[in-house]
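# What follows is a protein structure lacking sequence information:
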């Protein structure tokens, strides 16, 4: 019997990781780095605002979000990307999201439904390879054909090159997911790349879904470019300015508030309208007390700068402790290490058994590229730098010890110093 789409959903990275490590006891006190869950505290005013708005717990939240929350988002987008007034209209171009995971999933299903009548057979859904697993799930449940595009290493700047695909392939595309800064690789799209991607989406009639959840965690003083920067370059005006574009972001990483489940989708008005309808049917809505706190977080940049400095310091530790390992590179943005190893699953087992460090094998974030089941992530592990500096220092020291103890890294074997 053929495997159904629902059966394929069980190919879920954290489920596979649990199976891989089943029966293996951690060699030291566990440090969990396999999930990108910020461990820092959000600003104190978050709790204060939720408490002050406790009277709103009695209200069913609007799937689109409160006007105040949407306006805070629209204002933040305009400031962050230096947009002309009115480019992003809070009423037409913005909707709230319960984080972004659900919205990314729903956008894929929506895109497939829009594209299906326009093509013979299944529409295509472009995914980076490796990628955040939600994109693949959207392709399965949207009855689209997932199209993994290489994005594992420096040869592609750790990003998928959708515009270089054949025209007949792009004509079948329903949506292309572009995560920048990238989870898991840390790749960052430059402005030219974003413009090329948006131009291709408009030329071939698909949605460019720019997942920017890590946009505010970056090295240095210059923030990475985003989807709205491409809009500026293309010089569109009026209702067509955001055509074929959906941008996703949330407060989970920016504000260390993953439990708040407060994000947004912004882009083409007609797509936002359809997405709101889907959310009205089956989406989890963000309670109004939480949206009140979310609006305040989007208006405050001080805590974001503090957060960014923390992550920069963690990467400084990583450079110091792991920087001499072959193939090591410091990502431009985000908070993941994408570390080369000889075998991602074997490395994950050893790090857990010998050091109590739980990492995510790159294989589990990637799709097979040949009949033997090889994936672009086979030679990498993902490590989330999300703990306090002392914990991260201990964790990195353990990682170094295990990798130095005869584990092949890229093309060389690094041996423990005598």
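Looks like it arrived, so ask away. The shown structure was predicted, so the numbers you read here are calculated from the model rather than taken from an experiment.

# ok, and the closest non-adjacent residue to residue 187?
Excluding the flanking residues, the one nearest residue 187 by C-beta to C-beta, 6 or more residues apart in numbering is residue 158, at 2.7 Å. (Glycine included, C-beta is placed from N, CA and C.)

# An error on my part: the question was meant for residue 355.
Using C-beta to C-beta, 6+ apart, the closest residue to residue 355 is residue 398 (3.7 Å).

# who are the neighbours of the one helix or strand that neighbour maps to, in terms of helices and strands?
For residue 398, the enclosing helix or strand under DSSP states H and E is helix 389-404. Helix 389-404 is packed against strand 31-32, helix 302-322, helix 344-355, strand 357-358, with contacts defined by 3 or more C-beta pairs under 8 Å, 6 or more residues apart in numbering; DSSP states H and E.

# Each with direction, which strands does the helix or strand just after the second one pair with?
Once helix 302-322 ends, the next helix or strand along the chain (criterion: DSSP H and E) is strand 336-340. The strands beside strand 336-340 in its sheet (DSSP bridges) come out as strand 380-384 (antiparallel).

# ok, residues contacting the strand it pairs with?
33-37, 130, 152, 184, 335-341, 344, 347-348, 351, 357, 359-362, 365, 395, 399 (C-beta atoms under 8 Å, 6 or more residues apart in numbering).

# Now do it against helix 302-322, angle only.
Angle between the axes of strand 380-384 and helix 302-322 is 140 degrees (criterion: axes from the mean of the first three to the mean of the last three C-alpha atoms, to 10 degrees).

# Next, the angle helix 389-404 makes with strand 380-384.
170 degrees.

# So for strand 380-384, what gets flagged as buried?
Of all the residues in strand 380-384, those buried under the rule 16 or more other C-beta atoms under 10 Å are 380-384.

# As a markdown table, these with distance to residue 116 would be great.
Shown next, in a markdown table, are the buried residues of strand 380-384 (distance: C-beta to C-beta, whole Å):
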| residue | distance to residue 116 |
| --- | --- |
| 380 | 34 |
| 381 | 37 |
| 382 | 33 |
| 383 | 39 |
| 384 | 36 |
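
# my read: residue 358 touches residue 30, true?
Yes. Between residue 358 and residue 30 there is a contact under C-beta atoms under 8 Å: 6.5 Å.

# residue contacts, residue 24?
349, 352-353.

# will you turn the residues you listed into CSV that also has distance to residue 329, pLDDT and neighbour count?
Putting those into CSV (distance: C-beta to C-beta, whole Å; pLDDT from 0 to 100; neighbours: other C-beta atoms under 10 Å) gives the following:
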residue, distance to residue 329, pLDDT, neighbour count
349, 24, 98, 15
352, 24, 98, 23
353, 27, 98, 15
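
# Give the residue spans of the stretch 201-350 of the chain that score low on pLDDT.
236-239 (pLDDT under 70).

# typed the wrong thing, it's the stretch 1-150 of the chain
In the stretch 1-150 of the chain (pLDDT under 70), the answer is 1.

# Show me where it has its strands.
31-32, 94-97, 124-129, 145-150 (DSSP state E, counting those that start in this stretch).

# Could you do the stretch 151-300 of the chain as well?
With DSSP E, counting those that start in this stretch as the criterion, the stretch 151-300 of the chain has strands spanning 173-179, 207-211, 245-250, 263-267.

# Determine which of the ones you listed approaches residue 63 most closely.
Closest approach to residue 63 among the strands of the stretch 151-300 of the chain (C-beta to C-beta): strand 263-267, 11.6 Å.

# Pairing partners for that closest one, with directions?
In its sheet, and by DSSP bridges, strand 263-267 pairs with strand 94-97 (antiparallel), strand 245-250 (antiparallel).

# For these, give me JSON lines that also has distance to residue 13 and mean neighbour count.
Formatted as JSON lines, the strands paired with strand 263-267 follow (distance: least, C-beta to C-beta, whole Å; neighbours: other C-beta atoms under 10 Å):
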{"stretch": "strand 94-97", "distance to residue 13": "22", "mean neighbour count": "27"}
{"stretch": "strand 245-250", "distance to residue 13": "20", "mean neighbour count": "26"}
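
# where does residue 370 land in three-state SS?
coil (DSSP: H, G, I helix; E, B strand; the rest coil).

# Would you mind measuring from it to residue 122?
As judged by C-beta to C-beta, to the nearest Å, residue 370 and residue 122 stand 21 Å apart.

# need the contact list for the residue nearest to residue 355.
28, 31, 351, 355-357.

# Now render the residues you listed as JSON lines, adding distance to residue 326 and neighbour count.
Formatted as JSON lines, those follow (distance: C-beta to C-beta, whole Å; neighbours: other C-beta atoms under 10 Å):
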{"residue": "28", "distance to residue 326": "25", "neighbour count": "14"}
{"residue": "31", "distance to residue 326": "24", "neighbour count": "21"}
{"residue": "351", "distance to residue 326": "17", "neighbour count": "28"}
{"residue": "355", "distance to residue 326": "20", "neighbour count": "25"}
{"residue": "356", "distance to residue 326": "24", "neighbour count": "18"}
{"residue": "357", "distance to residue 326": "20", "neighbour count": "26"}
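
# which of those lies closest to residue 313?
residue 31 (17.5 Å).

# Grab the nearest non-local neighbour of that closest one.
Nearest to residue 31 is residue 395, by C-beta to C-beta, 6+ apart, at 4.6 Å.

# I figured the one you found was touching residue 358, is that so?
No. Contact criterion C-beta under 8 Å: residue 395 and residue 358 do not qualify, at 9.9 Å.

# Show the buried residues in the contacts of strand 380-384.
33-34, 36, 130, 152, 184, 335-341, 344, 347-348, 351, 357, 359-362, 365, 395, 399.

# what's around residue 281, how many residues?
8 (other C-beta atoms under 10 Å).

# Mind pulling the model confidence for residue 409?
pLDDT, residue 409: 44.

# oh, and call the first residue 50 from now on, that's how I've got it
With the count now opening at 50, the last piece we talked about shows up as residue 458.

# what residues are up against residue 417?
423-424 are the contacts of residue 417 under C-beta under 8 Å, 6+ apart.

# how about a cut-off of 10 Å?
Going by C-beta atoms under 10 Å, 6 or more residues apart in numbering, residue 417 touches 178, 197, 423-425, 427.

# any chance of the contacts of residue 73 in a markdown table, with distance to residue 222 too?
A markdown table is the format used below for the contacts of residue 73 (distance: C-beta to C-beta, whole Å):
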| residue | distance to residue 222 |
| --- | --- |
| 398 | 37 |
| 401 | 39 |
| 402 | 43 |
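
# Identify, from these, the entry nearest to residue 345.
The closest of the contacts of residue 73, once distances to residue 345 are taken by C-beta to C-beta, is residue 401, at 39.6 Å.
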